[in-house]
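Undergrad: need coordinates for the below:
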Amino acid sequence: PDSPYLTFSNQSYDPVNNYSMVYVTLPPGQPSLMTILFTNTQRTQTSGLNTGIRYLKAFRPGLYPNGSPTHFDPAYINALAPFGYLRFMSWTGTNYSAGYYGDPGHHLINWADRSLPSDAYQGMGTGVRAGATGVSWEYVILLANEANKDIWINIPVSATGSSPTDTTSYIYKLAQLLKNGDSFTGNHGLNSGLHIYIEHSNEVWNPGFSQYTWNRLAAVDEVGQGGSPLNNDGDTVQLDWAYRRHAKRLYEIAKIFEAVFGSGSLNTTIRPVYAWWNLQEGTGSTGAKTLAWMNATYGPPSNYFYAMAQGSYFSDTSPSTTATIPDVLANMLASSNASVTKTQQNKATANLYGLKLFAYEGGPDNRNTSNVGIQIEANRDAGMGPLVEHHLVDNWFGQGGDMFGYFSLASYYSRNGDWGATEDYRILSTPKYQAIMNVLSQ
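TA: Predicted coordinates:
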């Protein structure tokens, strides 16, 4: 029966294929969380009552052409069309709970633990398997190929694999999948000509994420076992070991991918990105010191890293309760302009080691609980468009910055942030999305 929020119509049954179909309508403006209860079910025509259902599938309107569903909403593909690459940090659940490294087995993720395309739920933290967080890698391949976009992937911090000789590791198997595909992708890997940007986890420097603690304890354990290069210069600071391990892991990952994709693929098809904290700017920063250690230990970073990357956000960190939209925008403009020095210093570090400078994430950041309503309205305001353009054109690309990862395409706005260039990927007329289009046209 219908509910106060949902209506059901056009119910039908196909006796040949033994499946039923029904249209479920959720009117605009209603709560977006749907709960549907199935009663008096029959598995087959001859089954008893309440024998359950199988293969439940839900499709958005228009996504079932000619009886065969598409994987992705055409409106979503259209919204992605202007961009050069897609970063899958959120999609693949990079900021999952890595577990406590000190536990037996360290909560390592093997290839068999990953998310599978057959999993009923493609999202964060399913609990089905240790590594079943986020969308499966097969869907990354399908989206990249359908949209014809380069991909930026984030390797889980606890994924197995440190050497190209371990052909059963998570990282080696991932590289093979991206190259060759599997039966779900039609045994077709990424389209020829697409590039893979590789990052070790996400914000490993950030104590707010479990990957920070996992990596730090792994570094201490590695040094404690002896023979590690992490303290090859006599450094006794554990945090330095952790910073070095983050870069070392990216080096190991790069070498595994190179082994799978073949000679000449590193820094061409395979593009490792050393991402670090943008607040630690300049050649005296922890990031620069780590690159100096990599240079001394593994040779010039430009031989195995394609770029280094920073965040590039601008914000109004604490608007007053009486702040207006112009007040918020003015403070965000000042924040954007203040970021120039950091970008210039990071660019100098990148130049020193022959690397490009990327922004792994960036854009407006209004993540706080002060005067939330005005911040949301500021992100919808026409004045936000020129501010986004100014940040990108003058304060990023104008300072020598290379590729910029705008975070993100679409999201709902709240006290946790107003990240999206739009709040609905079907609506592309927003000031922020149009500002990005203006930048891309230059």
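Undergrad: from the chain's centroid, how far away is the longest helix along the chain?
TA: Identified as the longest helix of the chain according to DSSP state H is helix 238-261. Averaged C-alpha coordinates place helix 238-261 at 19 Å from its chain's average position (CA atoms, centre = their mean, to the nearest Å).
Undergrad: what about whichever helix or strand comes after that helix, average pLDDT?
TA: For helix 238-261, the following helix or strand on the C-terminal side (DSSP states H and E) is strand 270-275. What strand 270-275 shows for mean pLDDT is 99.
Undergrad: what are the contacting residues of strand 270-275?
TA: Strand 270-275 has contacts (CB atoms under 8 Å, 6 or more residues apart in numbering) with 152, 195-200, 202-203, 247, 250-251, 253-254, 257-258, 261, 266, 287, 291, 301, 304-310, 355, 358, 360. C-beta coordinates here come from the backbone N, C-alpha and C atoms, glycine included.
Undergrad: which residue lies nearest the spatial centre of this protein?
TA: The structure's the chain has its C-alpha centroid closest to Met89; by CA atoms, centre = their mean the separation is 1.5 Å.
Undergrad: give the contact list for it.
TA: The contact partners of Met89, taken as CB under 8 Å, 6+ apart, are Asn95, Trp152, Asn154, Glu199, Asn202.
Undergrad: strands - which of these land there?
TA: Judged by DSSP state E, the contacts of Met89 include Trp152, Asn154, Glu199 as members of strands.
Undergrad: which pair of the contacts of Met89 spans the longest distance?
TA: The most widely separated members of these, counting by CB to CB, are Asn95 and Trp152 (15.0 Å).
Undergrad: please name every helix or strand in contact with the longest helix of the chain.
TA: In terms of contacts (3 or more CB pairs under 8 Å, 6 or more residues apart in numbering; DSSP states H and E), helix 238-261 is packed against helix 170-180, strand 196-200, helix 210-225, strand 270-275, helix 286-298.
Undergrad: cutoff 10 Å now
TA: Using 3 or more CB pairs under 10 Å, 6 or more residues apart in numbering; DSSP states H and E, the elements in contact with helix 238-261 are strand 150-155, helix 170-180, strand 196-200, helix 210-225, strand 270-275, helix 286-298.
Undergrad: now render those as a markdown table, adding mean neighbour count and distance to Leu116.
TA: Output for the helices and strands packed on helix 238-261, formatted as a markdown table (neighbours: other CB atoms under 10 Å; distance: least, CB to CB, whole Å):
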| stretch | mean neighbour count | distance to Leu116 |
| --- | --- | --- |
| strand 150-155 | 23 | 17 |
| helix 170-180 | 21 | 12 |
| strand 196-200 | 24 | 21 |
| helix 210-225 | 19 | 22 |
| strand 270-275 | 25 | 25 |
| helix 286-298 | 18 | 35 |
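Undergrad: now distance to Gly401 too, for those, in CSV please.
TA: Formatted as CSV, these follow (distance: least, CB to CB, whole Å):
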stretch, distance to Gly401
strand 150-155, 16
helix 170-180, 27
strand 196-200, 15
helix 210-225, 25
strand 270-275, 13
helix 286-298, 15
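Undergrad: the ones you listed: which one's closest to Leu56?
TA: Closest to Leu56 of those is helix 170-180 (CB to CB; 26.8 Å).
Undergrad: can you name every helix or strand that the closest one contacts?
TA: Contact analysis of helix 170-180 by 3+ CB pairs under 10 Å, 6+ apart lists helix 137-147, strand 150-155, strand 196-200, helix 238-261 as its packing neighbours.
Undergrad: how about the CA coordinates for the shortest one, as PDB?
TA: Which is strand 196-200. As requested, the backbone C-alpha atoms of strand 196-200 are provided in PDB (Å, rounded to 0.1, in the frame of the first residue of the first chain):
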ATOM      1  CA  ILE A 196      46.400   6.800 -13.200                       C
ATOM      2  CA  TYR A 197      47.400   9.300 -10.500                       C
ATOM      3  CA  ILE A 198      48.300   7.300  -7.400                       C
ATOM      4  CA  GLU A 199      48.200   8.600  -3.800                       C
ATOM      5  CA  HIS A 200      49.100   6.700  -0.600                       C
END
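Undergrad: and the end-to-end length of stretch 48-56?
TA: Length of stretch 48-56, first residue to last, CA to CA, to the nearest Å: 19 Å.
Undergrad: kindly report the same for stretch 256-274.
TA: 16 Å.
Undergrad: tell me the buried residues in it?
TA: For stretch 256-274, the neighbour count (16 or more other CB atoms under 10 Å) marks 256-261, 265-267, 269-274 as buried.
Undergrad: and for stretch 88-104?
TA: Phe88, Met89, Ser90, Trp91, Thr92, Gly93, Thr94, Asn95, Tyr96, Ala98, Gly99, Tyr101.
Undergrad: before we move on, what about stretch 330-339?
TA: Asn331, Met332, Leu333, Ser335, Ser336, Ser339.
Undergrad: excluding chain neighbours, what is closest to Thr324?
TA: Excluding its sequence neighbours, the residue lying closest to Thr324 (CB to CB, 6 or more residues apart in numbering) is Ile374, at 6.8 Å.
Undergrad: Asp113: which of the buried residues of stretch 256-274 is nearest?
TA: Closest to Asp113 out of these is Ile256 (17.7 Å), distances taken as CB to CB.
Undergrad: show me the contacts for the closest one.
TA: Ile256 sits next to 155, 161-167, 169-176, 198, 270 when contact means CB atoms under 10 Å, 6 or more residues apart in numbering.
Undergrad: kindly report the same for Ser335.
TA: Counting by CB under 10 Å, 6+ apart, Ser335 touches Tyr313, Phe314, Ser315, Asp316, Thr317, Pro364, Asp365, Leu387, His391, Asn395.
Undergrad: three-state assignment of it?
TA: helix (DSSP: H, G, I helix; E, B strand; the rest coil).
Undergrad: and it, what pLDDT?
TA: For Ser335, the pLDDT comes out at 97.
Undergrad: re earlier: just send the ones in strands among the contacts of Met89 back as TSV, with distance to Asn17 and pLDDT too.
TA: Shown next, in TSV, are the ones in strands among the contacts of Met89 (distance: CB to CB, whole Å; pLDDT from 0 to 100):
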residue	distance to Asn17	pLDDT
Trp152	40	99
Asn154	40	98
Glu199	44	99
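Undergrad: format these as TSV; extra columns: distance to Met124.
TA: Output for those, formatted as TSV (distance: CB to CB, whole Å):
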residue	distance to Met124
Trp152	19
Asn154	14
Glu199	18
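Undergrad: closest one to Tyr433 out of the residues you listed, please.
TA: Among these, Trp152 lies closest to Tyr433 (CB to CB), at 19.8 Å.
Undergrad: who touches that closest one in this structure?
TA: Residues near Trp152 by CB under 10 Å, 6+ apart: 85-89, 195-199, 271, 273, 275, 309, 358, 360, 403, 405.
Undergrad: next one: Thr167
TA: Under the criterion of CB under 10 Å, 6+ apart, the neighbours of Thr167 are Gly161, Lys173, Gln176, Ile256, Ala259, Val260.
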